[in-house]
Every structure is written in structure tokens, then in C-alpha cells.
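J.: sequence plus the predicted model coming up.
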Amino acid sequence: MPYEYGGRNTAMFARLPGFKNIIAWQQSSDLSLLIENAVKDFGAGWWKLADQMRTAAWSVGGNIAESYGRSSIGDYVRFCEIARGSLHELGSYIQDCERAGRIDSSQLREIINRYGQVTYFLDKLIQGIQKRKYDGDWNRSSSIKETPPEYAVDDTQDWSTWGATDGPHDFL
């Protein structure tokens, strides 16, 4: 069965720039959700590890997204390598949880499988970027960003009360 990113139907997904199409980012986002579900009930004495695992998992996708927004290929590679470091940190924590029996076997299999997929696609992303760098297919003025959309201001809207209520907003 082909991979389908689990966050595709969120309101924010449509507003994200092109990094949302990077499979390594999509896979890392799904891995973060798996980690959240696995650690949410760790309990006293394990909260610090749970927090470290969440932070490492979030850092993978966050650094891929940040790398995409950089204008130099060197920064792109560097932030993807930071993402890889966070992924390896997470792998160490997952192994600790496995040894301590903190994650049930079905969740653990799914996490290990997704971890492997993120590792593979992140390595391929880094290799692809480095190839462009060494082939001379990139310069400092190049950018990963797609053409920005044109924005228009609705002059008929009263923006003075925007966000002033605790109720639902219709801007999504």
C-alpha cells in the first residue's frame, strides 16, 4: 500500500510551503504522532524521558522545515544534518524504552518501522541536496522556496477585533 501522509487533511497543511511535499518531513511528522501516543501515559519517573522523546521527534520535522526556508544549500544540508542528529537521539531513547518495556510491542514495531523510513528518506534528501551542491546546480542566490502567492487585503473587513474573542474564528 502506498504511503499516505496522515496530516494531509489538517487546516494548516494547505498553508504550508513546499516542504510539506518532502517525504522525509511527512514521515517525521507521522513519527512524532506515534511517539506522542506512545509516551503520553509514561507516568511519574518517566516524564523527563517522555519530554526528551517528544522534543527529539519534533526537532526532526522542525529542522527539515527550517532547512527548506534557508536560501543557501549549505544551510539546507546543515539543518537536515541537525534533523538527522535529533532522529538518532530519538532512536537511542526508543531503544531505552524497548529495554525497559515502556512501549507495548505493537506500538514499538510501528515506531521502529517509521523510524527506519524517516532515516532512509532523510538520508536520501541529504544525498540529493549534496549532489546538487557538488554538481554546481545551486548557488547562494538559489532558493528552495516556490514563488510566493500574492496577498490581498480585504478592505471591507474590520480587523480591529481580530482575535479579541475566545470563541471560534472563521479565518481557517
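T.: Perfect, thanks for sending it.

J.: tell me the centre residue of the chain?
T.: In the chain, the C-alpha nearest the mean C-alpha coordinate belongs to Gly61, at 1.9 Å (C-alpha atoms, centre = their mean).

J.: from memory it sits against Ile23, does it?
T.: No: Gly61 lies out of contact with Ile23 (C-beta atoms under 8 Å); the separation is 11.7 Å. C-beta: built from backbone N, CA, C; applies to glycine.

J.: check contacts around the residue nearest to the centre of the chain.
T.: Each residue near Gly61 by C-beta atoms under 8 Å, 6 or more residues apart in numbering is listed here: 25, 28-29, 32, 83.

J.: got CSV for the residues you listed, with distance to Arg70 too?
T.: As requested, the contacts of Gly61 are arranged in CSV below (distance: C-beta to C-beta, whole Å):
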residue, distance to Arg70
Trp25, 14
Ser28, 17
Ser29, 19
Ser32, 21
Ala83, 13
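
J.: which one of the residues you listed is nearest to Phe19?
T.: When these are compared for distance to Phe19, the smallest value, 5.3 Å, is given by Trp25; criterion: C-beta to C-beta.

J.: burial of the closest one, as a residue count?
T.: The criterion is other C-beta atoms under 10 Å. On that basis, Trp25 has 28 neighbouring residues.

J.: equivalent analysis for Arg99, please.
T.: Burial measure for Arg99: 8 neighbouring residues, criterion other C-beta under 10 Å.

J.: can you pull the contacts of it?
T.: For Arg99, the set of contacting residues under the criterion of C-beta under 8 Å, 6+ apart is empty.

J.: name the nearest residue to Gly61, sequence neighbours excluded.
T.: In this structure, Gly61 finds its nearest non-sequential neighbour in Ser28, 4.0 Å apart by C-beta to C-beta, 6 or more residues apart in numbering.
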